[in-house]
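Got a predicted structure here, sequence first:
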Amino acid sequence: MATRDTLVTRFERVARRHPEAVAFEHDGRTVTYRELPARVGAVQRLLPVGAGRIGLLGTRSLAACLGYLAVLRTGAATVPLNPAFPADRNLAVCRLAGVDTVLTDGCAPDSVLRHYRDAGLTVVRVPDPDPTAPPPPPPPAAPTDPDAEAYVLFTSGSTGVPKGVPVRHRNAVAFLDHLVPHYGFGVGARVALAVDLVFDPSVIGLFGSVCSGATAVLPVAQEALTPTHFVRARDITHLFSVPSAIVRAGQLRLLGPNSLPSLRWSGFGGEPLTAEQAGAWAAAAPASRIANVYGPTELTVFCTGYDLPPDPAHWPATSNGTVPIGRVHPGHDWLLLTPDGRPGEDGELCVRGPQRFTGYTDPAADDGRFFAYDPAAPHLPPVVHDGGAPLTAAHWYRTGDRVRLEHGTLVHVGRLDRQVKVRGFRVELADVETGLRRVAGVSGAAVVRTADTTLHAFHTGSRLTQEELLAALREWLPPYMLPARTSWLPELPLNHNGKVDHRRLTELLPQRT
């Protein structure tokens, strides 16, 4: 039987059950679950009711987390906006999402907020609480249907326009139904919220905590840049990060034996996790279970997981040396679609079930990303969705990831398109190329990912320096999408089909010593 729970009913029920537990800890300040409803309600009073979607311009701050919950209590969906991203890109997101009101935690100066006001948006700041006066009881929460949107995240889009992924309350609740019991979230757990709110792993730290009774521990200043220091200093028990964090910590010699004793669970996703990386982390956190998790934003944070056995001697050996991504969460259907359009043991992972979103904010983006197929009638080929019929729960979502079944578990073996992961962040190379072509003087652009998983941009036209290109790109692209290196070419190489030859460009990459 489907639950009628929402994120709001979940965290309010937890607040009633565990009033003395700490919900948030940030910079020496704490908010208990007894205090939480009133603190959220104080922000809720400042927001419009029935807004549909409200922007949240905030960092990993206590004010931003309270604002996130307050937006949900109004019945609206939260659209996180990163203050470090260019204002023009954030304003484009607001236009695409139909946002009229932006709530901010005060992280952005008035000179930046002026851009939002000049664009006709109402800007509301989360007020600083008065420590001498307890806030009054919160106003009632607006009735929220499980089918209503909870949040909308915008990912890099292949057309150069950010692509909106609405996640509904029932999608997020289905994810929590797996996350909380499987990974031991609850009172006493100290969960790192070390990911910006615009990225879906933040759902683990925020809602995994407040919907279970755990404590969401928020980093101060630059703590999030060195997760190992953060884990040790804050006695973190649950950390979900990217494998790149293991590599960086190893390079800085921060993974000494038993250097992370407080960890109980360490989850890694967003990039391939190798057995070597997992081994280095296991030595530093011997009391921690290690999970390799996988899933696009469209399938609500992650939809598969593989828990490594405690004894490394029992870890599986895969064909590409990575840790398996495991099995798809219970209650979901999955198949591997081969190039000939039939299910097999090596192909594109396709999923349907309670965590699958119901389509992009722009329905045109749905075309080609879903298909209809009945496993009970394997003689009938899949029918790709082209916008001619409405999406239903029966449609499968095409992840674009090639996955192989090995020894009864799933192994990720690469992408089928030009989407890449850079330090765990999802980047469409075409989005970066579009940004390059916006630069005055650039006539052609192509981007490839290098062996060290950074981006290298090639451009034709005016022979601009790397500094000139990056200065222009910062006006549109967020920092994680900026190329690490650039090169000028008189013309871009083409293949026999007349398209840019990206393989040849990879061969042209400068050799780094």
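Structure received. Note that this is a predicted model, so its numbers are computed, not measured. Numbers count the residues shown, from 1 in each chain.

Please, where are all the strands along the stretch 201-350 of the chain?
215-218, 238-241, 265-268, 289-294, 304-307, 327-328, 333-337, 343-344, 346-352 (DSSP state E, counting those that start in this stretch).

Run through the neighbouring helices and strands of the second one.
What that stands for is strand 238-241. strand 190-192, helix 202-210, helix 227-234, strand 265-268 (3 or more CB pairs under 8 Å, 6 or more residues apart in numbering; DSSP states H and E). (Glycine included, C-beta is placed from N, CA and C.)

can you tell me the average pLDDT over it?
What strand 238-241 shows for mean pLDDT is 96.

cool, and the third one?
The predicted model assigns strand 265-268 a mean pLDDT of 97.

After the longest strand seen in the chain, which helix or strand is next?
Longest strand in the chain by number of residues (criterion: DSSP state E): strand 396-406. On the C-terminal side of strand 396-406, the closest following helix or strand by DSSP states H and E is strand 409-415.

Poorly predicted segments of this structure, please.
Filtered on pLDDT under 70, the chain yields the residue ranges 1-2, 130-132, 158-159, 388, 496-499, 511-513.

re the thing from before, put together TSV for the strands of the stretch 201-350 of the chain, with mean neighbour count and distance to Phe207 on each row.
Output for these, formatted as TSV (neighbours: other CB atoms under 10 Å; distance: least, CB to CB, whole Å):
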stretch	mean neighbour count	distance to Phe207
strand 215-218	26	9
strand 238-241	26	12
strand 265-268	24	15
strand 289-294	23	16
strand 304-307	20	17
strand 327-328	18	21
strand 333-337	19	24
strand 343-344	14	33
strand 346-352	21	21
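
Could you export those as CSV, including distance to Phe85?
Formatted as CSV, the strands of the stretch 201-350 of the chain follow (distance: least, CB to CB, whole Å):
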stretch, distance to Phe85
strand 215-218, 20
strand 238-241, 21
strand 265-268, 25
strand 289-294, 25
strand 304-307, 29
strand 327-328, 32
strand 333-337, 33
strand 343-344, 40
strand 346-352, 29
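
now what about the longest strand of the chain, what contacts it?
With contact meaning CB atoms under 8 Å, 6 or more residues apart in numbering, strand 396-406 is reached by 294, 296, 298-299, 316, 318-319, 324-325, 333, 335-337, 345-352, 356-357, 368-373, 382, 410-417, 419.

what's the distance between that strand and the middle of its chain?
Averaging C-alpha positions (CA atoms, centre = their mean, to the nearest Å) puts strand 396-406 18 Å from its chain's average.

List the buried residues in that strand.
By neighbour count with 16 or more other CB atoms under 10 Å, strand 396-406 contains the buried residues Trp396, Tyr397, Arg398, Thr399, Gly400, Asp401, Arg402, Val403, Arg404, Glu406.

likewise stretch 212-226?
Ser212, Gly213, Ala214, Thr215, Ala216, Val217, Leu218, Pro219, Glu223, Ala224, Thr226.

Would you mind measuring from Glu35 to Ala440?
Look at Glu35 and Ala440: by CB to CB, to the nearest Å, they are 53 Å apart.

So these two - more neighbours on which side?
Neighbour count, other CB atoms under 10 Å: between Glu35 and Ala440, Glu35 has more, with 18 against 9.

Return the residues in contact with Gln277.
Counting by CB under 8 Å, 6+ apart, Gln277 has contacts Pro243, Ile246, Val247, Phe268.
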